[in-house]
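what's the 3D shape of this:
(one chain, ligands or ions: 2)
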Amino acid sequence: MKCFRHHERDAVGVCRSCYKGLCPDCAVEVDKSLACRNSCEEDVRAVNLLIAENIKITPIASKILHRRENIVKGANIFNVTFGGIFILIGLADPSRFLILIFLGAFLLIYGIYSHVQRQRNEQNAKR
Ligand SMILES: [Zn+2]
Ligand SMILES: [Zn+2]
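Ligands and ions are numbered 1, 2, ... in the order given. Alright, predicted model coming up:
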């Protein structure tokens, strides 16, 4: 590869921001990576900062995702439990609480459905 600005010169690397070839005169080192002198230095610094932030954030993000998993699990248990309770109340007095039977059945089915869905996702993730 040749330098983007000096076509007769060999490039020593590419700019991290615009990916153009750079000769030693055009390249400037920014945080262990190369940038175009006087044009991409700031961009590369920003890109590097972003990457560094991402590396820092990754463990936190996975922790949040894990917590979300537990909330979903809790919601499923909640749905199934209350679904069952609603159905029982509804069955005790169907003339007054018929709506509760429907509501309970809905919660129960939804809870079981999302539980099955979640387990399927978990198995896919393991594979
Ligand atoms: Zn550049
Ligand atoms: Zn050059």
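
going forward, measure contacts between C-alpha atoms and count neighbours the same way
Fine.

Next one: Gly13 relative to Cys23, how far apart?
Using C-alpha to C-alpha, to the nearest Å, Gly13 is found at 7 Å from Cys23.

tell me which parts of the protein are close to ligand 1?
By the rule C-alpha under 5 Å from the ion, the part of the chain lying against ligand 1 is 15, 18, 36, 40.

who's more crowded, Gly13 and Cys23?
Cys23 (22 against 19; other C-alpha atoms under 10 Å).

so who does the closest residue to that one other than its chain neighbours touch?
Nearest residue to Cys23, sequence neighbours excluded (C-alpha to C-alpha, 6 or more residues apart in numbering): Ala11, at 4.3 Å. When contacts are counted by C-alpha atoms under 8 Å, 6 or more residues apart in numbering, Ala11 is found next to 1-4, 21-24.

next one: phi and psi at Ala11?
Backbone geometry at Ala11, expressed as degrees, to the nearest 10, gives phi -80, psi 140.

Would you list the buried entries among the contacts of Ala11?
Neighbour counting with 16 or more other C-alpha atoms under 10 Å marks 2-4, 21-23 as buried within the contacts of Ala11.

Pick the one among those closest to Ala125.
In terms of C-alpha to C-alpha, no member of the buried ones among the contacts of Ala11 lies closer to Ala125 than Gly21, at 39.9 Å.

So which elements touch the helix or strand harbouring Arg67?
Element membership of Arg67 [criterion: DSSP states H and E] is helix 41-92. The helices and strands touching helix 41-92, judged by 3 or more C-alpha pairs under 8 Å, 6 or more residues apart in numbering; DSSP states H and E, are strand 27-30, strand 33-36, helix 94-126.
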